[in-house]
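Q: Requesting a structural model of the entry that follows:
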Amino acid sequence: MSTKTTQSNKKKIICDCTGTTQEKVEVLIAKGRNTVEDIASATGAGTGCGSCDVEIQEVIDNAKLPPLTPSKNVDVLCLGHACYDLAFSVDHHPKADEKMTADFLVECGGGPAANAAVMVARLGLKAAFAGYLGNDIQGECHYQELMGRDVNIALVKRGESPTPISTILAKPNGDRALINYTGATQPLRAGSIDFLSLRPKVVLFDGHQPHESLALLEQIQDKNIPTVLDAGSMNEGTKLLMDKVDYLICSEKFALQHSHSIHEALKSLSKLSPAVVITLGSRGLVWQRGDESGRLTSYEVNVVDSTGAGDAFHGAFAAALSLKMKWIPSLTYASAAGALCCTGMGARLGLPTKAEHQILFSQSSELL
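A: Coordinates of the predicted model:
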């Protein structure tokens, strides 16, 4: 067959009702949409008269898909939540019955573990994300975004349940309000993901996929792989994992949900995990590792939106572990990432580049 004929076939209309071409179907197949139902969900093809179902199936049957065989070795595997963020910049948070206009809107992928994976990749390391994204437009946008950010997405499960949505209202001083919607989407069942296809140096959990997290912990328990928990809030997942990881990184919210004070939380949590860090936003962090403990002040930056600062911290901390950095440098390395994330609007877009991070991290000696 000549090249000209091949290109002509690619432009062939498969569905007259929607104008869907063979090329469009082949692109979707290459992205993992390999059933007639998947194609219909993405394009609408076959949902009208239905006469194109046979042609769609023929394209699927004839497609020669490249195997999705990622490099087995990754620096950090992040297992947990992925969503789609709608971040609005507002001059104040609305009162009851108030109508208001946002200054601007940022749309991008989000979720603690997904953001952490992107942070690892931004730092120049090999990152992988494992979790769930729906077959809706938000899930597809996030899926493409992760690929574009050089995050290994071989362990992302797709399905018909909706992609969770987060709406963020960020004020000029960086304060925010969040609304999360998950709909009927449930955590993945244990065994949904085949983790044997990857060999991570470090594993980061965010608690949002508790069943798969426990399964992975059992699988790697004898492999000397450091594990980190992003404990943003007290929930089923963080409760299950908090005493099973090597590094328990807690938000101030989590600490105060667990105990009456930060000091009490640090003392209590250190009995559950070998190393505990409690992040305190602009007030820095406190930590305890064995019999040692300490405090680290934060970097001073111009705060625009604090959304995702914790995600950046956790991703960078896991990256530091994969690089075998010492304890205090690991904390300052993570702190620099978290601080820089606050200087941009939206969690994902605020994540710093390797060069930006290195400039601020080089100032760490001033904080020690």
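Q: and the spatially most central residue of the chain, what does it touch?
A: Central residue of the chain (Cα atoms, centre = their mean): residue 114, 0.8 Å from the mean position. Going by Cβ atoms under 8 Å, 6 or more residues apart in numbering, residue 114 touches 78, 80, 81, 82, 83, 129, 131, 142, 146, 151. In short, each C-beta sits where N, CA and C put it, glycine included.
Q: give me that answer again for 7 Å
A: 81, 82, 129, 131, 146 (Cβ atoms under 7 Å, 6 or more residues apart in numbering).
Q: next one: residue 336
A: 299, 357, 360, 361, 364 are the contacts of residue 336 under Cβ under 7 Å, 6+ apart.
Q: Now do the SS call for it.
A: helix (DSSP: H, G, I helix; E, B strand; the rest coil).
Q: burial of residue 83, as a residue count?
A: The local packing of residue 83 (other Cβ atoms under 10 Å) involves 26 other residues.
Q: Please read the previous query as pertaining to residue 62.
A: 10.
Q: so how far is residue 236 from it?
A: 45 Å (Cβ to Cβ, to the nearest Å).
Q: tell me what the helix or strand that contains residue 310 is packed against?
A: Per DSSP states H and E, residue 310 falls inside helix 309-322. With contacts taken as 3 or more Cβ pairs under 7 Å, 6 or more residues apart in numbering; DSSP states H and E, helix 309-322 sits against strand 73-80, helix 112-122, strand 199-205, strand 227-231, strand 247-251, helix 327-341.
Q: what does the fifth one contact?
A: By Cβ under 7 Å, 6+ apart, the list of residues contacting strand 247-251 from outside reads 226, 228-233, 242, 269, 272-273, 275-279, 310, 314, 317.
Q: Please give me every residue in contact with residue 226.
A: 202, 246, 247, 321.
Q: what does residue 28 give?
A: 38, 39, 42.
Q: Which among the contacts of residue 336 count as buried?
A: 299, 357, 360, 361, 364 (16 or more other Cβ atoms under 10 Å).
Q: Just the ones in helices from those, please.
A: 357, 360, 361 (DSSP state H).
Q: How many residues are close by the closest residue to residue 191 other than its chain neighbours?
A: Ranked by Cβ to Cβ, 6 or more residues apart in numbering and with sequence neighbours excluded, the top spatial neighbour of residue 191 is residue 215, at 6.6 Å. By the criterion of other Cβ under 10 Å, residue 215 has 19 neighbours.
Q: How about residue 164?
A: Residues near residue 164, counting by other Cβ under 10 Å: 23.
Q: so who does it touch?
A: 83, 180, 181, 182, 185.
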